[in-house]
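**Student:** missing the sequence, but the structure's below:
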């Protein structure tokens, strides 16, 4: 009878170890999937930010060139 309880305890311990291993593998897979999603989102947002910065720089450069092309007019302020 003592042998039966030892076998039962060993089987239970083994079964729990297998369940824990499956749960750990599932948790790691979820963690890796989440980390990958964050990396992809970060890359997408970075490319959007860089594109916006480039467009803003282009607009600023065009505005500067337009300002240089305008002839210098009389100032609206009078000297006293």
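**Tutor:** The structure has been received and is ready for your questions. Since the structure is predicted, the reported quantities are computational estimates derived from the model, not experimental observations. Residues are numbered from 1 along each chain as shown.

**Student:** Please report how far residue 37 lies from residue 8.
**Tutor:** 43 Å (C-beta to C-beta, to the nearest Å). Any C-beta I mention is one placed from the backbone N, CA and C, and that applies to glycine too.

**Student:** For the chain, just list every one of the helices.
**Tutor:** Using DSSP state H, the helices of the chain run over 2-69.

**Student:** where does it dip in pLDDT?
**Tutor:** 1-2, 71-80 (pLDDT under 70).

**Student:** burial count for residue 12?
**Tutor:** For residue 12, the count of nearby residues is 10 (other C-beta atoms under 10 Å).

**Student:** Then residue 28?
**Tutor:** Residues near residue 28, counting by other C-beta under 10 Å: 10.

**Student:** That one: what's it in contact with?
**Tutor:** If you count contacts by C-beta atoms under 8 Å, 6 or more residues apart in numbering, residue 28 has none.

**Student:** go on, residue 38?
**Tutor:** With C-beta under 8 Å, 6+ apart, residue 38 has no contacts at all.

**Student:** how much space between it and residue 51?
**Tutor:** For residue 38 relative to residue 51 (C-beta to C-beta), the value is 20 Å.
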